[in-house]
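J.: coords below, sequence missing:
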């Protein structure tokens, strides 16, 4: 059998779980997920788990925070004046938005708090600070 190595493009099916068993993502109801190892397309722990697998292999891996989306960072919380939200958007806690940073990059944020004057935006990845569990099946080496 041919084992997956750096530089290979692979197709996998996966399900991702939190420690409490909550499923946060799964490819089982859609086409297998395709990515190329070594290109930073997936979190490091997921990529490391696929290396060495043979087509048809399945495994369950625990991926610690530092090999997933990193720690939750308080400095990625920012309060903005409510007047900075475009008038066509009705903000609500839990709403996801995209903002442009002063450097010109687009960043995804989630509204976490609101009052009459300000809105708190969280730029952390929703899975930051969490250990993850993945069930992975290697479908194909492309």
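T.: Alright, I've got the coordinates. Keep in mind the model is a prediction, meaning the values are calculated, not measured.
J.: drop to CA atoms for contacts and neighbour counts, all remaining ones
T.: Noted.
J.: from the centre of this protein, give me the residue that's furthest out.
T.: Most distant from the centre of the chain: residue 116, at 31.4 Å, with distances by CA atoms, centre = their mean.
J.: how close does it get to residue 80?
T.: 11 Å (CA to CA, to the nearest Å).
J.: same question for residue 45.
T.: Relative to residue 80, and taking CA to CA, residue 45 is found at 34 Å.
J.: how about residues contacting the lowest-mean-pLDDT helix or strand in the chain?
T.: Every helix and strand in the chain was compared by mean pLDDT, DSSP states H and E; the lowest is strand 96-100, with a mean of 90. By CA atoms under 8 Å, 6 or more residues apart in numbering, the list of residues contacting strand 96-100 from outside reads 106-111.
J.: contacting residues for residue 82?
T.: Contact analysis of residue 82 by CA under 8 Å, 6+ apart lists 116-119.
J.: which one of those has the most neighbours?
T.: residue 119 (22 neighbours; other CA atoms under 10 Å).
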